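A.B. asks: just to be clear, the model below is a prediction. Sequence and coordinates:
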Amino acid sequence: MNICVFASGTGSNFKAILSSINKKYLKSKVSLLITNNPDCGAVEIAKKNKIDHIAINKNIYPLLSQKEYSQKFLSALKKYDIDFIVLSGYMKMIEPEVLKKFKNKIINIHPALLPSFGGKGMYGMNVHKAVIASGVKISGITVHFVNENYDEGKIIFQKCCEVKSDDDEFTLQKRVLKLEHKYYWKVIKMFEA
């Protein structure tokens, strides 16, 4: 598959995916990074790995209509002949036109067991804080298809980890991140022909 990664942050999952490609665990190739945050760590990872990257956000393109804005994404995806999109800490909703064109070809990883601890505002440390505050004993990861609602796409894969009595959001995040890096590429592999 020809993959485009969408990322907004440090890009640790992006790095883990590239590592799995370099180790030949995946046959796919990442040809493009799209980000809303041109200063994020994922851009540095793309540069280091000679992967083209494009920043698209409303600050860069304030005068575009909604249709023209969506077209920026679609044009980039078409130019790079992308057939699969992997979200790696991307903090924006995916444009409806992109969702339509890539139906069941966009996946995301969430740092909790959906449908719990998902939805608007539930990302990163917010998720881990909510998990700990709730008193649940198990957290984990969910890989799901992306649709027009935050974290509501069909679940593809889940893996659990323990929430320990002395956990804070940072210790829990470390444990969950290990799962993300270990399993996200395996889910991508399920889609390889």
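C.D. replies: Structure's in. What do you need? Residues are numbered from 1 along each chain as shown.

A.B. asks: measure how far the biggest helix by length in the chain is from the centre of its chain, please.
C.D. replies: Taking DSSP state H as the criterion, the chain has its longest helix at helix 169-190. Relative to its parent chain, helix 169-190 has a centroid offset of 11 Å by C-alpha atoms, centre = their mean, to the nearest Å.

A.B. asks: and for the helix or strand harbouring Lys15, what are the contacting residues?
C.D. replies: Lys15 belongs to helix 12-22 when assigned by DSSP states H and E. Contacts to helix 12-22, defined as C-beta atoms under 8 Å, 6 or more residues apart in numbering, come from residues 3, 5, 7, 26, 28-30, 33, 41-42, 45-46, 49, 86, 88-89, 109, 177, 180-181, 184-185, 188. (C-beta placed from N, C-alpha, C; glycine too.)

A.B. asks: now the angle from whichever helix or strand comes after that helix to helix 12-22?
C.D. replies: Counting by DSSP H and E, the next helix or strand C-terminal to helix 12-22 is strand 29-35. Per axes from the mean of the first three to the mean of the last three C-alpha atoms, to 10 degrees, the angle that strand 29-35 makes with helix 12-22 is 170 degrees.

A.B. asks: so what strands line up beside strand 29-35?
C.D. replies: The pairing partners recorded for strand 29-35 under DSSP bridges are strand 2-7 (parallel), strand 52-55 (parallel).

A.B. asks: follow-up on the earlier one: and the helix holding Lys15, what's its mean pLDDT?
C.D. replies: When pLDDT is averaged over helix 12-22, the result is 98.

A.B. asks: kindly report the same for stretch 124-135.
C.D. replies: Rounded mean pLDDT across stretch 124-135 is 97.

A.B. asks: list of residues touching that stretch?
C.D. replies: 9, 89, 110-112, 117, 122, 139, 163, 167-170, 172-173, 176.
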